[in-house]
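model the following, please.
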Amino acid sequence: MFAAINLLVFVFLTGYAFLLLISKPSYVKLSKTERVLLTGREKFLLLTLVTGMVMVGSFSSLRLMIWLSFMMFAFVIYRKSPHFNSLTIIYIIFLIWLGITMVWSPDLLYGIRVYLKYLYPFIVLLFAATFVHSKDFIFVAMRWMLAAAFITSVFLGGFMTHIIGFWYFYIGNLFWPISTLADYLAVMAAVSFVMWWRTGEKKYLFLIGWFIISSLLQGVRTGILSIGVMLMVASYLRYKIASFPYLIGAVAIGITMILFVPQLKEKMFFDPEKVQTIDDITGAFEENNLNTNLRTYMWEDLMHRFHDEHEWLGSGLGSVQHYMYENFVFGGLHVPHSDYVQMMCDSGNVGLILYLFFPLMMYFYTIRYVHKKPASALNASAILAFLAYAAVLPAMAFDNIVNYSFASHSYPFIFAGIFLAYRRIEKRQQRIQGV
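Below you'll find the model as predicted:
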């Protein structure tokens with residue numbers, strides 16, 4: 001039955017996405033009194049942003065390939081050429097390196113599967129940079145994303161699963177699992193912060209609090225860490241030097257949650273009763289009381305197998321997935337729960353360094369805009385791209401964000417693409433005014 005539901009949702013979502021892609025411009029609701037005219041390509045991108053948490057079970061990989069095909073089709077049928085710059089070239093170099101590492105991959109099919117997951121965010125970035133034209137698209141997208149995130153957090157979040165005790169919506173993998181939800185909500189918290197900064201409406205701060213409570217109730221440490229890091233970066237962007245009291249407060253709140261929130265404390269330590277003070281938290285490392293769910297053992301094993309003696313070149317793209325899928329290891333896990341470990345094992349230190357150059361370059365691209373109030377579409381998209389990556393990067397250390405491209409990894413890329421679209425529009429307007 002669940003397979004049939006996933007198939008129906010997959011067929012509907014795919015068909016609807018294609019119809020939107022080729023549709024004529026139409027109005028989409030921005031607020032109770034405002035509507036915005038969007039093209040078919042913009043509506044397709046909006047649907048992609050809103051349906052990030054939809055997994056569709058075993059059809060998730062097929063959906064990714066179809067979305068890639070749709071976007072490539074749009075470039076061809078509408079005769080558009082992608083716009084390249086130093087930011088996109090950095091990621092192209094990374095993709096080229098991944099392609100090279102497939103030469104010594106133990107299994108080409110697994111290499112291609114992993115490659116597509118790195119390719120999708122880049123293609124959707126180019127798509128957004130090429131086809132976004134409406135100056136209000138980013139504001140429409142933020143409102144629709146937050147509406148979808150709130151609904152998702154109600155039916156899939158901690159209140160539903162741990163207060164009411166209703167888990168039915170997770171059966172059948174129609175939606176991504178709890179850990180992915182937490183990563184997704186961290187990105188949506190970044191969206192909510194930008195909306196608060198732009199409008200001053202406190203409901204967006206309450207929404208961030210709701211997202212934090214959801215992850216706390218479900219005891220998802222990665223999601224809580226991601227929201228915390230994102231909020232610290234966001235506070236610095238918003239308040240500059242005056243943000244330091246907020247940063248200290250955020251650290252204090254984090255320590256308080258570890259000590260006094262049962263769901264989090266029980267997941268953090270093998271013996272929670274031994275942890276009553278800050279000294280006990282630091283002592284947990286020395287006493288082996290820190291519960292990593294055996295991840296450190298898994299990472300050490302994988303690094304020994306695929307990174308040692310291959311430090312710079314790696315063992316070939318797909319090596320880790322090939323090993324974990326073809327053998328029953330680590331209790332049956334298929335992913336190493338660390339994108340950085342997987343990158344170093346698959347593509348070596350070179351791969352990891354090339355990947356990290358991309359968010360670093362994004363910072364230099366957006367630095368002119370991220371310290372200003374997001375009043376304009378250009379500023380808002382720049383801040384979103386920066387904060388979304390601030391949420392994603394720490395999560396990548398403890399989860400497989402790249403595997404969940406629709407739900408988390410692609411969002412900073414989409415926002416970066418929208419930023420590049422607005423930046424190009426602004427430059428064109430300046431040239432016209434200069435004439």
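
do a quick rundown of the helices in the stretch 251-400 of the chain.
Assigned by DSSP state H, counting those that start in this stretch, the stretch 251-400 of the chain shows helices spanning 262-268, 278-286, 295-306, 319-326, 339-366, 377-396.

among the ones you listed, which comes closest to residue 22?
Of all the helices of the stretch 251-400 of the chain, helix 377-396 sits nearest to residue 22, with 25.1 Å by C-beta to C-beta. Just so you know, the C-beta spots here come from the backbone N, C-alpha and C atoms, and that holds for glycine as well.

check the offset of the closest one from the chain's centre.
Offset of helix 377-396 from its chain centre (C-alpha atoms, centre = their mean, to the nearest Å): 9 Å.

and of the helices of the stretch 251-400 of the chain, who's closest to residue 175?
Nearest to residue 175 among those is helix 377-396 (17.8 Å), distances taken as C-beta to C-beta.

buried ones in the closest one?
For helix 377-396, the neighbour count (16 or more other C-beta atoms under 10 Å) marks 377-396 as buried.

give me the nearest residue to residue 224, chain neighbours excluded.
Excluding the flanking residues, the one nearest residue 224 by C-beta to C-beta, 6 or more residues apart in numbering is residue 215, at 5.1 Å.

tell me how many other residues crowd the one you found.
Residues within reach of residue 215, counting by other C-beta atoms under 10 Å, total 29.

that one is in what secondary structure piece?
helix 203-218 (DSSP states H and E).

who are the packing partners of that helix?
Packed against helix 203-218 by the contact rule (3 or more C-beta pairs under 8 Å, 6 or more residues apart in numbering; DSSP states H and E) you find helix 137-156, helix 158, helix 178-199, helix 221-239, helix 262-268.

in the third one, what's buried?
For helix 178-199, the neighbour count (16+ other C-beta under 10 Å) marks 178-198 as buried.

chain center to that helix, what's the gap?
For helix 178-199, the distance to the chain centre is 10 Å (C-alpha atoms, centre = their mean).

distance to residue 29 for the helices and strands packed on helix 203-218 - can I get that in CSV?
Formatted as CSV, those follow (distance: least, C-beta to C-beta, whole Å):
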stretch, distance to residue 29
helix 137-156, 8
helix 158, 29
helix 178-199, 16
helix 221-239, 27
helix 262-268, 37
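
pick out the shakiest of these, pLDDT-wise.
Ranked by mean pLDDT, the helices and strands packed on helix 203-218 bottom out at helix 262-268, with a mean of 78.

how far does that one sit from the chain's center?
Taking mean C-alpha positions (C-alpha atoms, centre = their mean), helix 262-268 and its chain are 24 Å apart.

what is that helix packed up against?
For helix 262-268, the packing partners by 3+ C-beta pairs under 8 Å, 6+ apart come out as helix 203-218, helix 221-239, helix 244-260.

can you name the residues in contact with that helix?
Helix 262-268 is contacted by residues 162, 216-219, 221, 224, 257-259, 272, 275, 284, 290-291 when judged by C-beta atoms under 8 Å, 6 or more residues apart in numbering.
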